[in-house]
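Q: Okay, predicted coordinates and the sequence, questions at the end:
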Amino acid sequence: MQNTIDTIYDRRSIRKFTDKEVNPDLVDEVLRAGLFAPSGYNRQPWDFVVFNENDIIKEIKEMHPYSSSLATAPVCIMVCGDTQKELAEGFYQVDCSAAIENMLLAAKALGLDTCWMGIYPWEEVMAAFSKRFNLPENNKPFALIALGYGDEKKERPKRYDTTKIHYNKW
């Protein structure tokens, strides 16, 4: 396992995966990390739908305009936000983002790779996912995570930019 800082620095969006299956225990560990994310008033306004059947993943790829990574991903996780559990309007997006980041980092620490693909705020894409997967009215499709073993390697980027850091004033 990588240490936390290296995991943060080395996590990259991977869009090509090997055909190696992902052990369900690893998927469960990634989901568990999402469930441990912080949320406003600990309301935990998220639900996760795991797709591990190739036919469904290919269908999802056709539904989402920026999902090339699903062409080879063995697992796809849809993160949904429950509007009845959010602290205030707009909070489920923040809370679900925290859960997603936990899952991306956990996956990397476990030797897996990911790609985060937003569904929100595209109303037509959200409606298509809601209808296809029969989501309850209060559960909104927020994002997809492609999950698997990467078939590409990306170097750690140089992102430390002191011009973006301000102390005590702008």
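A: Looks like it came in fine. Residues are numbered from 1 along each chain as shown.
Q: Neighbours of the closest residue to residue 20 other than its chain neighbours, how many?
A: Excluding the flanking residues, the one nearest residue 20 by Cβ to Cβ, 6 or more residues apart in numbering is residue 149, at 4.7 Å. Bear in mind the C-beta positions are built from the backbone N, C-alpha and C, glycine included. As a burial measure, residue 149 scores 17 neighbours (other Cβ atoms under 10 Å).
Q: where's residue 149 relative to residue 130, distance?
A: Using Cβ to Cβ, to the nearest Å, residue 149 is found at 31 Å from residue 130.
Q: which parts of the worst-scoring helix or strand of the chain on mean pLDDT are buried?
A: Scoring the helices and strands of the chain by mean pLDDT, DSSP states H and E places helix 4-10 at the bottom, with a mean of 94. Residues of helix 4-10 classed as buried by neighbour count (16 or more other Cβ atoms under 10 Å): residue 7.
Q: Output the helix or strand following that helix as CSV, nothing but the C-alphas.
A: Using DSSP states H and E, the helix or strand that follows helix 4-10 in sequence is helix 24-35. What follows is helix 24-35, C-alpha atoms only, in CSV (Å, rounded to 0.1, in the frame of the first residue of the first chain):
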residue,chain,number,x,y,z
PRO,A,24,-15.3,-8.0,-5.4
ASP,A,25,-13.6,-7.6,-2.0
LEU,A,26,-11.6,-4.7,-3.5
VAL,A,27,-14.7,-3.1,-4.9
ASP,A,28,-16.3,-3.4,-1.5
GLU,A,29,-13.3,-1.7,0.1
VAL,A,30,-13.5,1.2,-2.4
LEU,A,31,-17.3,1.5,-1.6
ARG,A,32,-16.5,1.4,2.1
ALA,A,33,-14.1,4.3,1.7
GLY,A,34,-16.9,6.3,0.0
LEU,A,35,-19.2,5.6,2.9
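Q: List the neighbours of helix 24-35 that are in contact with it.
A: For helix 24-35, contacts defined as Cβ atoms under 8 Å, 6 or more residues apart in numbering pick out 44, 46, 48, 50, 52, 75, 77, 79, 99-100, 102-103, 105-107, 110, 112, 147.
Q: Which ones among those residues map onto strands?
A: Those of these mapping onto strands are 46, 48, 50, 75, 77, 79, 147, per DSSP state E.
Q: And the furthest pair within those?
A: Greatest spatial distance in those: 46 and 75, 17.3 Å, computed using Cβ to Cβ.
Q: where do the helices sit along the chain?
A: Secondary structure of the chain, counting by DSSP state H: helices at 4-10, 24-35, 54-63, 91-109, 123-132.
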